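# got a predicted model here, sequence first, then my questions.
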Amino acid sequence: MNIRDIAKLSGVGVSTVSRVLNNHPDVKESTRERVMQVIKESNYIPNNSARILKQNNTRNIGIFVKGVFNPFFSEMLNVIGSKINESKYTMILQQNDYGLEEDVDTLKSFIKEKRLQGVICLGGNFVNIDEESFGNIDVPVVLTSVNTEMPNIKDRYSTVGIDNLKSAYDATKHLINLGHKNIAIMLGEKNDLCISWWRYKGYKKALEESNIETNSENMLIGNYDTRTAYNETKSFLKQNKEVTAIFAISDIMAVGVAKAVADCGLKVGKDIAIIGFDGMDISEFYNPGITTMKQPKEAMALKSIELLFALLSGKGEHKHILLDTELIERESCNSIN
């Protein structure tokens with residue numbers, strides 16, 4: 001059943017059915033009632049996307065989220081959503097999976113289909129964006145918690161995030177300062193050229209500056225998943241008895257690492273030091289508490305929506321904002337000096 005079928009059964013034109021669906025006033029009441037009765041009897045469900053496309057003055061803000069079950073972004077969504085609700089805009093959420101392909105084409109489709117006035121992208125792969133790929137995006141775009149280096153077109157989009165390389169360097173340096181030399185790292189995805197890649201570069205830089213050789217066998221992949229991190233760590237520790245510390249690039253994975261350490265008969269914070277990343281509540285309430293590199297989630301969310309509102313009003317211009325991270329020390333990191 002489609003809109004043409006409804007029109008035929010109602011004895012009216014397709015345009016009349018469309019006006020009824022969009023609640024236009026220029027339809028006779030008797031005609032409106034007849035069309036609505038046919039719709040009810042046919043159990044017809046209007047295609048909202050098609051209706052949105054026919055609206056000329058939408059006030060829709062899109063939120064494009066990378067990772068369907070990412071609790072880090074969920075906390076940011078609460079902040080962004082509340083600010084949008086306070087405005088006269090409507091938030092439209094689209095969640096994307098952890099695929100490694102570029103997300104520009106998906107973003108373009110999202111903007112076109114929903115007639116968006118602006119978009120905030122929480123995460124995503126925007127590594128190779130250029131003038132051509134961003135050429136026909138004519139609405140403000142804010143990339144939040146996305147690493148991208150495209151200086152030639154930075155006037156076409158905004159960014160809000162942290163220095164992932166420096167933050168990972170600081171986390172690794174903390175372990176080195178505690179006396180650890182055999183330090184493993186758990187990345188999110190093997191071929192990820194965004195967050196995982198930059199944090200690995202920071203980890204590697206800290207080791208090299210301390211004259212510690214980088215060991216490819218000390219690289220684990222946790223897929224930003226607690227269970228995967230648990231299984232990978234358990235297998236790893238059976239084969240690598242000399243490792244004294246593990247740096248997990250997300251707290252979600254750090255919890256899986258900590259549970260694996262305990263289930264291998266080792267003590268977190270004594271036999272194996274663990275440091276996570278993000279500053280999630282779960283790192284604080286896990287026992288023992290997990291040291292983490294805290295990201296300013298609320299500030300990132302507020303900066304993102306404030307920046308987008310300024311661009312939408314024509315009172316702002318594209319900016320690239322880096323916020324500071326903070327090392328939160330807890331019981332999971334021990335000194336072996």
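It's in. Numbering: from 1, shown residues only.

# rest of the way, CA atoms for contacts and neighbours
Noted.

# can you give me the helices in the protein?
3-10, 14-21, 29-42, 48-54, 71-86, 104-114, 164-177, 195-209, 226-239, 251-263, 281-285, 297-313 (DSSP state H).

# please name whichever of these is nearest to Gly188.
Across these, Gly188 has its closest neighbour in helix 195-209 (5.8 Å, CA to CA).

# who's in contact with the closest one?
Residues outside helix 195-209 that contact it (CA atoms under 8 Å, 6 or more residues apart in numbering) are 146-147, 164-173, 176, 185, 187-189, 213-214, 249.

# now that helix: how far from the chain's centre is it?
In terms of CA atoms, centre = their mean, to the nearest Å, the centre of helix 195-209 is set 21 Å apart from its chain centre.

# which residues of this protein score low on pLDDT?
1, 23-25, 43, 45-57, 68-69, 97-102, 148-152, 193 (pLDDT under 70).

# tell me the domain ranges of it?
3-46, 60-162+297-324, 164-295 (automatic domain parsing).

# need the winner for burial among those domains.
Most buried of the domains of the chain, by mean neighbour count (mean count of other CA atoms under 10 Å): domain 164-295, with a mean of 20.

# quote the end-to-end distance of that domain.
10 Å (CA to CA, to the nearest Å).

# now swap in stretch 66-73 and tell me
End to end - CA to CA - stretch 66-73 spans 8 Å.

# identify whichever of the domains of the chain lies nearest to Ile336.
domain 164-295 (5.1 Å).

# right, so of the helices of the chain, which gets closest to Asn218?
helix 226-239 (8.5 Å).

# what comes into contact with the closest one?
186, 220-223, 243, 252-261, 263-264.

# quick check: angle from it to helix 251-263?
What separates the directions of helix 226-239 and helix 251-263 is an angle of 40 degrees, with axes from the mean of the first three to the mean of the last three CA atoms, to 10 degrees.

# distance between helix 226-239 and the chain's centre?
With CA atoms, centre = their mean, you get 25 Å for helix 226-239.

# same deal with stretch 304-323?
On CA atoms, centre = their mean, the centre of stretch 304-323 falls 19 Å from that of its chain.

# so how far is the first residue of that stretch from its last?
Using CA to CA, first and last residues of stretch 304-323 are 12 Å apart.

# what's the answer for stretch 313-325, then?
30 Å.

# and it, how far out from the chain middle?
For stretch 313-325 - counting by CA atoms, centre = their mean - the centre lies 18 Å from the chain centre.

# just the residues contacting it, thanks.
In contact with stretch 313-325 (CA under 8 Å, 6+ apart) are residues 154-163, 167, 293-296, 300, 307, 310-311.

# go again with 7 Å.
155, 157-163, 167, 293-296, 310-311 (CA atoms under 7 Å, 6 or more residues apart in numbering).

# in strands only, show me these.
Ser158, Thr159, Val160, Gly161, Ile162, Met293, Lys294 (DSSP state E).

# enumerate every residue touching the fourth one.
Gly161 is in contact with Thr144, Ser145, Val146, Met300, Ile321, Leu322, Leu323, counting by CA under 7 Å, 6+ apart.

# widest-spaced pair of those?
Across these (CA to CA), the longest gap, 12.8 Å, separates Val146 and Leu323.

# next one: the closest residue to Lys173 other than its chain neighbours relative to Ile212, how far apart?
What sits nearest to Lys173 in space, not counting adjacent residues and going by CA to CA, 6 or more residues apart in numbering, is Ala206, at 5.7 Å. Ala206 sits 8 Å away from Ile212, taking CA to CA as the criterion.

# and for Val243?
On the measure of CA to CA, Val243 and Ile212 end up 13 Å apart.

# do Val268 as well
Counting by CA to CA - Val268 and Ile212 are separated by 23 Å.

# repeat for Leu322
29 Å.

# what of Ser313?
Ser313 is 51 Å from Ile212, by CA to CA.

# what's across from Met219 in the sheet?
Taking DSSP bridges as the rule, Met219 bridges to Ile185.

# nearest spatial neighbour of Thr172, chain-adjacent residues omitted?
Nearest to Thr172 is Tyr203, by CA to CA, 6+ apart, at 5.6 Å.

# correction: the previous question concerned Glu329.
Thr291 (4.7 Å).

# show the contacting residues for Ala171.
Met293.
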